[in-house]
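Participant: Got a predicted structure here, sequence first:
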Amino acid sequence: MVTKEIKVNNTVFKGVELPLCNNANLLVITGEKGYIMCGYLNINTAQKRNDVACIVTGVKTIEDMLNSKVVALTAQAQKLGISMNMEVKKVLEVLAK
C-alpha cells in the first residue's frame, strides 16, 4: 500500500493506492469534507450515505487521479459546487474551502 499527502492551500488530503490482483490499484483521495475514488468503488453507496464523493476512471496511480476529471458524483458534491468533468485539482480546491 502506498500513501501520499496532498496539500492544497492549508488542507492536507490523503491519497491511498492499494494494489489488487490483475495489476490494478484501488485508489482514493480523502479529506475532511469528502473524497475522490476510482471506478472500483460505488457512487450509489456514497449517495445513499449522503457523502461528498466523486469518481474518476482510467487511473492507476494517485498522480493519474490528480490529472483526471470527474465522471460521476453525489448530490452532496454538487451542492458544494463540484461538477461533471471538473479537474480533480479543482475538486480538491473546493474541498479545501
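Facilitator: Great, that's in hand. Only a predicted model underlies this, so the values are computations on that prediction, with no experimental measurement involved.
Participant: Surely Val59 touches Val70?
Facilitator: No. Taking contacts as C-beta atoms under 8 Å, Val59 lies outside contact range of Val70: 11.8 Å. (Each C-beta comes from the backbone N, C-alpha and C, glycine too.)
Participant: Just give me the residue right at the centre of this protein.
Facilitator: Residue closest to the mean C-alpha point of the chain, counted by C-alpha atoms, centre = their mean, is Ile36 at 1.1 Å.
Participant: In which helix or strand does that one reside?
Facilitator: Using DSSP states H and E, Ile36 sits within strand 35-38.
Participant: which residues of the chain fall in helices?
Facilitator: 43-48, 62-66, 75-79, 88-95 (DSSP state H).
Participant: The residue nearest to the centre of the chain pairs with what?
Facilitator: Per DSSP bridges, the residues bridged to Ile36 are Ile29, Cys54.
Participant: Let me know the pLDDT of it.
Facilitator: Ile36 is assigned 98 on the pLDDT scale.
Participant: repeat for the one 3 residues further on
Facilitator: Here, the pLDDT recorded for Gly39 equals 93.
Participant: Just list the residues touching it, thanks.
Facilitator: For Gly39, the contact set (C-beta atoms under 8 Å, 6 or more residues apart in numbering) comprises 55-57, 71.
Participant: Please identify which of the residues you listed is nearest to Lys90.
Facilitator: Val56 (12.4 Å; C-beta to C-beta).
Participant: For the residue in the chain sticking out farthest from the centre, give its distance to Ala77.
Facilitator: Centroid-distance maximum for the chain: Asn22 at 21.8 Å, with C-alpha atoms, centre = their mean. Note on Asn22: its distance to Ala77, by C-beta to C-beta, to the nearest Å, is 29 Å.
Participant: now swap in Lys33 and tell me
Facilitator: According to C-beta to C-beta, Lys33 and Ala77 sit 10 Å apart.
Participant: Lys60 now?
Facilitator: 23 Å.
Participant: Of those two, which one has the most company?
Facilitator: Taking other C-beta atoms under 10 Å, Lys60 and Ala77 do not tie; Ala77 has more neighbours (28 against 13).
Participant: Before I go, just wanted to say thanks for your time.
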